[in-house]
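Undergrad: Structure, please.
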Amino acid sequence: MKLGAFSASLSVKDLATSQSFYETLGFTQFAGSLEHKYLIMKNGNALVGLFQGMFEGNILTFNPGWDESAQKVEPFDDVRDIQKHLKNNGLALMTEVDETATGKGSCMLQDPDGNMILIDQHA
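TA: Numbering: from 1, shown residues only. As a prediction, the model looks like this:
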């Protein structure tokens, strides 16, 4: 199963402070803005999303159909196929994508330790 690009989505208290911290670690701003209250920071193939006031806790994020530069990848496993696989293997989903739709969509689940996992397809 191809889950696509991986990033850690972090809930931060102060976006500018977090941006400065991750820049010190060698990350640069790849997407987002302070005014929109989120930044995607990149260091080589590593991606960290910084989100202020959008959700609680941290989330492991996978983007089917994208590489780490947000470029389309073909072929890829559609989020609906991934969701079906997860459900067929007995995993409980917190949110589900409409299996009759096409294109963008997402589903969420938790790992056995309560860590949130978002499978978020943008195309």
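
Undergrad: Residues touching stretch 24-35, excluding its own?
TA: Contacting residues not belonging to stretch 24-35 are listed as 15-16, 19, 38-43, 46-50, 70 [C-beta atoms under 8 Å, 6 or more residues apart in numbering]. For glycine as for every other residue, the C-beta is placed from the backbone atoms N, C-alpha and C.

Undergrad: Just the closest of those residues to Cys107, please.
TA: Gly49 (17.7 Å; C-beta to C-beta).

Undergrad: coming back round to it: tell me which entries of the contacts of stretch 24-35 lie within helices.
TA: Leu15, Ala16, Gln19 (DSSP state H).

Undergrad: Buried among those? Make that a PyMOL selection.
TA: The following PyMOL line selects those of the ones in helices among the contacts of stretch 24-35 that are buried, judged by 16 or more other C-beta atoms under 10 Å:
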select buried, resi 15+19
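
Undergrad: Count residues in the vicinity of Ala31, would you?
TA: Other residues within reach of Ala31, judged by other C-beta atoms under 10 Å, total 13.

Undergrad: for Lys13, what are its contacts?
TA: Listed by C-beta under 8 Å, 6+ apart, the contact partners of Lys13 are Gln52.

Undergrad: And it, how far from Phe21?
TA: Distance from Lys13 to Phe21, counting by C-beta to C-beta, to the nearest Å: 11 Å.
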